[in-house]
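Undergrad: Need coordinates for the below:
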Amino acid sequence: MKELLQNAIRKGQKALSEYDSARVIASAGVPVSKSTLARSRDEAVGFAREMGFPVVLKGCAHTVTHKTEMGMVKLKLKDDAEVAAAYDELTGKGIALDGVLVQEWVESDKREFVIGLTRDPQFGPCVMFGLGGIFTEVLKDVSFRVAPLSELDALEMIDEIRTRKMLDEFRGSPAVEKGALVKALIGIGNLGLEYDEIREIDINPLVIRGSAPLAVDTLVILDAKK
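TA: Modelled structure (predicted):
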């Protein structure tokens, strides 16, 4: 991972692509949705068949950090024809891409959370957990801890958000596996400590599939000074 991060900085990148961001985040023990990078229409269709429909297609490049706003996401594609058309649309926008990310469509129970990392000038890497999705900026229901995190730190973070009851049995859905959340929070903190090339991490949303948390949108921002 060190080489991946340093190579990106040497190339002048301010961020990793979502494909590379997911690789870094998965290395910390965070469950990440299945995805693969297609560099042709035929590859995209083939990967979608192997993954199983429906799928999501995303334009993938280190410059594409706000994919939805840029129209670079196509959701719930149901067959070969829809995948082929989506691939052509994404690659036809005139934006330089590494390829098109083919990602599994995740049926969640609508509970969405966020995990993040920032660097405080005084305290260093700080981990954030809270309510995710479209409500992150509106409700600001989040908690913070300075890395490294202990299991107790992570559990306290989880318990501090106002919407913590959503982690319990909720509208017929099982309670969230808090152990997996704890491992993810500790792992993200450790990434910040181990790699000073990472300035920020944003995992939003972290959805709940069954009882398991799963990162479906990931972003690593680089520290160009490193």
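Undergrad: ok so residue 53 is a strand residue?
TA: No - read with DSSP: H, G, I helix; E, B strand; the rest coil, residue 53 is coil and lies in no strand.
Undergrad: which ones are touching it?
TA: 77, 78, 79, 105 (C-beta atoms under 8 Å, 6 or more residues apart in numbering). From N, CA and C alone the C-beta is placed, and that goes for glycine too.
Undergrad: separation between it and residue 72?
TA: The gap separating residue 53 from residue 72 is 20 Å, by C-beta to C-beta, to the nearest Å.
Undergrad: got it, and residue 83?
TA: 15 Å.
Undergrad: Looking at these two, which has the bigger crowd around it?
TA: Just comparing residue 83 and residue 72: by other C-beta atoms under 10 Å the higher neighbour count belongs to residue 83, 26 against 22.
Undergrad: Residue ranges in the protein under the pLDDT threshold?
TA: 135, 226 (pLDDT under 70).
Undergrad: Domain map for it?
TA: 2-31+108-222, 35-104 (automatic domain parsing).
Undergrad: tell me how far the ends of the last one are from each other?
TA: For domain 35-104, the separation between the terminal residues is 6 Å (C-alpha to C-alpha, to the nearest Å).
Undergrad: What is the distance between it and the centre of its chain?
TA: 16 Å (C-alpha atoms, centre = their mean, to the nearest Å).
Undergrad: Check the longest one too.
TA: For domain 2-31+108-222, the distance between its averaged C-alpha position and the chain's averaged C-alpha position is 8 Å (C-alpha atoms, centre = their mean).
Undergrad: So for it, first residue to last residue, what's the gap.
TA: Start to finish, the residues bounding domain 2-31+108-222 are 12 Å apart (C-alpha to C-alpha).
Undergrad: name the helices or strands packed onto the lengthiest strand in the chain?
TA: In the chain, ranked by residue count with DSSP state E as the criterion, the top strand is strand 198-209. Secondary-structure packing of strand 198-209 (3 or more C-beta pairs under 8 Å, 6 or more residues apart in numbering; DSSP states H and E): helix 18-26, strand 112-120, helix 178-194, strand 212-215, strand 218-222.
Undergrad: Could you dump these into CSV with mean neighbour count and distance to residue 143 added?
TA: Shown next, in CSV, are the helices and strands packed on strand 198-209 (neighbours: other C-beta atoms under 10 Å; distance: least, C-beta to C-beta, whole Å):
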stretch, mean neighbour count, distance to residue 143
helix 18-26, 22, 19
strand 112-120, 21, 11
helix 178-194, 20, 10
strand 212-215, 20, 16
strand 218-222, 23, 20
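Undergrad: Thank you, goodbye.
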